[in-house]
Structures are given as C-alpha cells and as structure tokens.
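K.L.:
Okay, here's the prediction I keep looking at, along with the sequence it came from:
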Amino acid sequence: MERVAQLSGQLLPNPLAGKEPRVIPRSKNKLDWFKDKGWGFRDTEFSLNKEGHVMLTGSRYLFSGYVLPELRPWAEKHLGLDIGVKTPAQNVVPVDPPILNEDFLAAIRGKVDEVSTDPKLRVHHSHGHTMQEIFALRHGKLARAVDVIVFVTEHAQVEEVVLRAVEHGVAVIPYGGGTNVTHALLVPENERRCVVSLDVTRMNKVKWVDRKNMKACVEAGIIGRDLEAELARYGVVCGHEPDSVEFSSLGGWVATRASGMKKNSYGNIDDIVLQIKTVTPRGTLIRGSDSPRISSGPALDEIVLGSEGTLGVVTEVIIKVRDAPEVKEFDSIVFPDFDTGVRFMHDVAKSRLWPASIRLVDNTQFQFALALKPLENSTFKVFKSSMQKFFLSKIKGFDLSKIAVVTIVYEGSARLVESQQESIKELSARYGGIHAGGEAGERGYFLTFMIAYLRDFAFDYSYIAESFETSASWTDVTTLCRNVQNRINEECRKRGVKKTPWVSYRVTQVYDTGAAIYIYFGFHYQGVPDAVQTYSEIEDAAREEILKSGGCISHHHGVGKLRKKFMKDSVGDTGVRILEGVKKAFDPNNTFANGNLV
C-alpha cells in the first residue's frame, strides 16, 4: 500500500476495472484450447484438404484458411515425406496413478484456488515441447508425471503451498506456459515423493502501470500476448516477443533468461526486469527497491534469472515499459549468398542503428518459405512472382539456389524508423542487396509462429525435427553454421539415416560482438531403430560441435535437463560447485526438485 500511496499521482488504474476482465478471457482449463499432444491452438493445424493440398486451418494467422499448393511437393521432394503412409498419434496418453501426500493436501485445502489430479492435466503439466517429449505423447508415455496440480491466484497462496511442501516433504515444480524446449518440466524418474505442479497462470494481472517512470508491476503467470493486450490499454508495451509469445509466461521468461525477436528495441528479459518477487523454501526473496540501478553487492535478482525453477517460484515482476510504437513496418532484402548476408549483419551491428528485428535465413530456409506461399488468386500475382525471379536470376545474376534473405521489422517513432531505413538501405547497397519489400518480410515473421505447427504435421508422416540455438562471436558465425551442418550430416550417415537430413540455419539476433544463431534439422525415421535415441545422439553431437566452433550452451532457451551434461563446459568445475552451493542455500531439502541445470 505504501508503494501505491507514493505513486498515487502517477499510477494509471485499469480504465476498464470492474467492467471486464483485465486479461483476454479464455477457459481456465488450458486443454480446452491448447493441443494435448502437440503445439498450439486446437483450431489450428496443417492438414490435407480433399484435393490432397496442404492448408492451414482456423482463422488466427496470416495464411489461415488458405491452400498452400507448393508445400506438399516440397516436403515430398526435400524431406522425403510419404503422404500415403501416416503415423497417427495415440488417442489417450497413459499415465501411472498419482503418489499423494494426504497431509499436504489437507494442509492447503481451502487455501488455494483449485487442486486437481485429473490424468490429462497431470500429463499436460509434466512436459515441454521438445521432439522427444511430443513423440512420447504421441506414441508412448512419460516415464514420470506430476501427481497433483495446484492452481493459485495470488502471492500469499504460493507462500502457503511452498511452506506446506517443505513441512510435509513434497516436491514442487513451477508451471507457467509450459513451452520450454529443454526437458525442464520432465519429472526426474527416481523422484518418489508426491510431486506438485504449481500452476501460476491464474496469477495474470497487471497490478499497476507507472507512466511517469515507465514501469509496470505484473503477476508472473500472465501469458505474453495477454500482457501486451493489457498494457495496450495504457498506451505502452513490454516488447518482449519470443517465438512462443502466444503461450509462454512472464515468469517463464525470467526463469529461463529469455530473449525476444524485438530485443534490439526492447532488450532481452534481463534488460527489461527491474525487480523480481520469488517464493523460496527460505521465504520470499525481493530486492528492496525497483530503482534503475543499485550497487549493494551481488544482484540477487541475477540468481533468480535463469534459475529454471530450481530455487523457487517467481510470482511478481516489475518491468520496464515503453510508449506504444508510432510506426511498424516490415521489409526484406535478398543477398547473393549467406556469407554476404552475414557480413551485412555485422555492419548493421556496428552501425548501432538496429531495427526492432533483423534476421538472416539461409537458402534452405528461404526455399522452405517459398513453399509456404498461398495459392495465388490472380494472374497479376503469378506474373509478378515470375518477374521477381527473372529479375534476380537474369538481371542481377543471383543464383536462386544460393541466395539468402534478411527479414526486418521496424518499430518505433516515425523519425527513428526513417533513420533506421536509411542506414539499412546504405549498408545493404554495399553488399549488393536487393530490397524485396514488406510482404516478404511479413511472411518471414509469420513463419516463426508456424515452425512448431509444421513439425506436428511432419510427425504424422514419420518425420522428426527440432531446433536449437546458440550465440557466437562474429568471426565464428559462418564456420559454426557449416561445421554443425556437416556434423549433423555425418552423424546421420553413421547411424543409418537413409534419406538426407534437412538442415538449415539463420542468424536471429545481432550484438556488438556477435550474433544469435538458430539451427534446424530433421529426418525421415522409417527404418531407423529407436529413432528418438538416434535423434538425441545426433543433437548432442551437434551441441558438441557448437561448443568446439566457438558457440555457447544456449543463447536463450536455457539448460534444463537436456543440456545439463554440457554445464561443466559452460561454467567450469568451480561454477558448477557455486551453483550447487546456491541451490543448497536456497533449498536444502530439494523441494524444487525438477533437476535442472546441475
């Protein structure tokens, strides 16, 4: 209350408070609208229509309801998909009976919003979205599931749950959006205690917005899209937009030290956060001030950032906000090849006039994006597309099998966007770049939200795929990409993968000293014994190659249990011992027992 009193002249209450919900209304049961054995909204999927063409169902996305006539031929040719042989998912995911701690359940009864042991919810709260996890949901079972889901709506309820969990010897795993891709939510198989999934997604309110000092206090369970929808009422934005922004939570961003596609304008999550409130087994941890900078010894918020649910559960965050952008524009630039594109990106980094988002995709991914073009509904559009190819190949002399594309999002004031556009135009001209327009840029941005849906479509036809990320110095970017691609191809040959794997890469973020890189790969697994184990071994080999080539363990996905084996390479023996000591100090009984990091 003191904080509210201090800011009484600056805070803007929700203008619609008392009239409608603070956030976009949806069912409390996530499975009413989210898939139970795959990614995304239930009404959205890639499927075959009666004519055998691929189309995107629903109405939520750029090409929803459109036929994509080139996608099936492309997938059959380049991925080896056999549309005639389907590998459908099982109807129900089996799950073992729960291990219940009746004393704990009695202690929290009436003190939380809801307690559930529903089998479907238990499964859903026990996994993230790696290929291995989704494969298990489709064709097997999870080795261990959470036993109870506890839904909370306020900080005091979280404190009560953690207090009683410590008292009664219960294990706790925090749950937000559930979108992680590091095995972070998988329950350790040897955990014999009752395991509680502490679901904070009903803690989803913007508590206040301070327009004078440009910050907001937000409950950690809010989902990214809902956060922006709520902040828009005040004329401000957070601007953090990871690929998973439709489904991931603010608390999850903090726990994984996340990054977003528009970090050039708004920063990574560690740049956005001012103060974190975290419930730990030792009590609630919160910095005494949300001042812009404090010198009072090591920053304890930094311990929570990236802690991946091992020390406690984040309940509330004070974040920086910005004025809603005046202008938002898309653009795209074609370069002769990937290496030229990387040199351009490096010059952009040095210029410090960075668009909100600027990403470079290789030719493989460019060709993939072309396959996602919807059916042209006019002779003029078909003619225009043909002329663009003719111009690039015949007039400019570009090899269509080598070109790379940069997609751009400009966002900010009209003056800022204009200066960025002028800078980009000048820099791209140095490298022979050809501007391809906003439509291609928007399509490239749209593709980001389709990757996981496309992976689910491929699952139906014996194809498994995944992406992973890293960052590296500018001197290592191109060699790292090629080394990893060669290593994946080599490992696939060694393990009897008959059809050539699909491997692609893109530069997704720029920094003064380097760049973030995404690697995508997949293969047709028919005839491959234990396809999931084979894939995991290849992925580990690719991670080894990343580290050998100057990359890091992760740029923004985090470690979880998937990359835990590489932590010593990342932080050293001393670093591992320090992290183990921090864990022991915060959580001596291993109440937060997801087993992530170390």
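P.N.:
Sure thing, it's come through. Numbers count the residues shown, from 1 in each chain.
K.L.:
Just the helices from the stretch 1-150 of the chain, written as ranges.
P.N.:
In the stretch 1-150 of the chain, the helices defined using DSSP state H, counting those that start in this stretch lie at 2-6, 71-74, 102-108, 119-124, 131-139.
K.L.:
Now do the last one: which elements does it pack against?
P.N.:
Right, helix 131-139. Secondary-structure packing of helix 131-139 (3 or more Cβ pairs under 8 Å, 6 or more residues apart in numbering; DSSP states H and E): helix 438-459, strand 463-473, helix 531-548. The way it works is simple: take the backbone N, C-alpha and C, and place the C-beta from them, glycine included.
K.L.:
of all the ones you listed, which lies closest to Ile294?
P.N.:
Nearest to Ile294, of all the helices and strands packed on helix 131-139, is strand 463-473, at 27.4 Å by Cβ to Cβ.
K.L.:
In the very next helix or strand once past the closest one, which residues are buried?
P.N.:
Later in the chain than strand 463-473, the nearest helix or strand by DSSP states H and E is helix 477-494. Within helix 477-494, the residues scored as buried using 16 or more other Cβ atoms under 10 Å are 477-478, 480-481, 483-485, 487-489, 491-492.
K.L.:
thinking again about what came up before, hey, least reliable of the helices and strands packed on helix 131-139 by pLDDT?
P.N.:
When these are compared on mean pLDDT, helix 438-459 scores lowest, with a mean of 92.
K.L.:
Now that helix: buried residues?
P.N.:
Quick answer for helix 438-459 (16+ other Cβ under 10 Å): 438, 440-450, 452-459.
K.L.:
which non-adjacent residue is nearest Lys425?
P.N.:
His435 (7.5 Å; Cβ to Cβ, 6 or more residues apart in numbering).
K.L.:
which residues touch the one you found?
P.N.:
331-334, 425, 428 (Cβ atoms under 8 Å, 6 or more residues apart in numbering).
K.L.:
Please name the spatially closest residue to Phe449 (chain neighbours excluded).
P.N.:
Leaving aside its chain neighbours, Phe449 sits nearest to Tyr61 (6.5 Å; criterion: Cβ to Cβ, 6+ apart).
K.L.:
What's the local residue count around the one you found?
P.N.:
Around Tyr61 there are 17 other residues, counting by other Cβ atoms under 10 Å.
K.L.:
Distance check, it against Lys120.
P.N.:
Computed as Cβ to Cβ, to the nearest Å, the Tyr61 to Lys120 distance reads 26 Å.
K.L.:
Val67 now?
P.N.:
33 Å.
K.L.:
Over to Arg42?
P.N.:
Relative to Lys120, and taking Cβ to Cβ, Arg42 is found at 13 Å.
K.L.:
So, low pLDDT: which residues of this protein?
P.N.:
Low-confidence segments of the chain (pLDDT under 70): 1-26, 376-395.
K.L.:
go again using 50 as the cut-off
P.N.:
Residues of the chain meeting the criterion pLDDT under 50: 1-10, 14-21, 378-380, 382-384, 387, 390.
K.L.:
Can you lay out the helices and strands packed on helix 131-139 as a markdown table showing distance to Val170?
P.N.:
Below are these laid out as a markdown table (distance: least, Cβ to Cβ, whole Å):
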| stretch | distance to Val170 |
| --- | --- |
| helix 438-459 | 32 |
| strand 463-473 | 33 |
| helix 531-548 | 31 |
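K.L.:
Nearest to Val218, out of these?
P.N.:
Shortest distance between Val218 and the helices and strands packed on helix 131-139, using Cβ to Cβ, is found for helix 438-459: 22.9 Å.
K.L.:
Can I get that closest one as CSV, trimmed to CA atoms?
P.N.:
What follows is helix 438-459, C-alpha atoms only, in CSV (Å, rounded to 0.1, in the frame of the first residue of the first chain):
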residue,chain,number,x,y,z
GLY,A,438,7.3,-5.7,-46.9
GLU,A,439,5.2,-8.6,-47.9
ALA,A,440,8.1,-11.0,-47.9
GLY,A,441,9.3,-9.6,-44.6
GLU,A,442,5.9,-10.1,-43.0
ARG,A,443,5.8,-13.6,-44.4
GLY,A,444,9.2,-14.3,-42.9
TYR,A,445,8.0,-13.1,-39.5
PHE,A,446,4.8,-15.2,-39.8
LEU,A,447,6.9,-18.3,-40.5
THR,A,448,8.3,-18.0,-36.9
PHE,A,449,4.9,-18.9,-35.4
MET,A,450,4.4,-21.8,-37.8
ILE,A,451,7.5,-23.8,-37.2
ALA,A,452,6.1,-25.9,-34.3
TYR,A,453,2.7,-26.4,-36.2
LEU,A,454,4.7,-27.7,-39.2
ARG,A,455,6.7,-30.0,-37.0
ASP,A,456,3.4,-31.6,-35.8
PHE,A,457,2.3,-32.0,-39.4
ALA,A,458,5.6,-33.8,-40.2
PHE,A,459,5.1,-36.1,-37.1
